[in-house]
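*Asks:* Turn this into a structure:
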Amino acid sequence: MKYLFQLIVLVLLLVSCSKEKVTSTVAAMDVPDTTAQLKYSGNFANGPYGTTSGTVKIYAKETVYTLVLDSFMVNSGPDLHVYLSKEVQPLNFLDLGVLRSNSGVQVYNINGMPDFKDFKYALIHCQQFNHLFGSAILQ
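*Replies:* Next comes the predicted model:
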């Protein structure tokens, strides 16, 4: 019975954030606005549950902010979201939506006008299992 329980726990751990296919097409809305002004940027570092690379950039045009993932790659996982966060492990965050692709250029609208002195991290986060796949400090 003890071995059966250990086997079940092992299987659950292996499938909890296992790879999942994410489409890699770039939509027309994933083209950055070239008239917007670059405000912040950072480079992604790997999280404990994923391999992430590329650059994140925050652009402003008047009072509208957008987050751009550039030269971006992350290994696949279930329920990956793009967050702006006050901490590396998100407790206070803005969910910008589901990650559209595991690679390439992607653009996400930022609702409202967050204070980037507080929201200084961009995260790729598995919402379902609370697993961090990658983070970038916005400077």
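
*Asks:* from here on, contacts and neighbour counts on C-alpha atoms
*Replies:* Will do.

*Asks:* what about this structure, any weak spots by pLDDT?
*Replies:* Applying pLDDT under 70 to the chain flags the ranges 1-32.

*Asks:* The one residue sitting closest to the centre of it: helix or strand, and which one exactly?
*Replies:* For the chain, the residue whose C-alpha lies nearest the mean C-alpha position (CA atoms, centre = their mean) is residue 124; its distance is 2.2 Å. Taking DSSP states H and E as the criterion, the element that holds residue 124 is strand 121-126.

*Asks:* So residue 75 sits against residue 102, correct?
*Replies:* Yes: under the criterion of CA atoms under 8 Å, residue 75 makes contact with residue 102 at 6.5 Å.

*Asks:* hey, where'd the helices end up in this protein?
*Replies:* Assigned by DSSP state H, the helices in the chain fall at 2-16.

*Asks:* Around the residue nearest to residue 93 when sequence neighbours are not counted, how many other residues sit close by?
*Replies:* Nearest-residue entry for residue 93: residue 85, 4.1 Å, with adjacent residues in sequence omitted and distances by CA to CA, 6 or more residues apart in numbering. Other residues near residue 85 come to 22 when the count uses other CA atoms under 10 Å.

*Asks:* Residue 85 contacts residue 119, correct?
*Replies:* Yes: Residue 85 is in contact with residue 119 according to CA under 8 Å; the separation is 5.0 Å.

*Asks:* who touches the residue nearest to residue 93 in this structure?
*Replies:* By CA atoms under 8 Å, 6 or more residues apart in numbering, the residues touching residue 85 are 91-94, 118-123.
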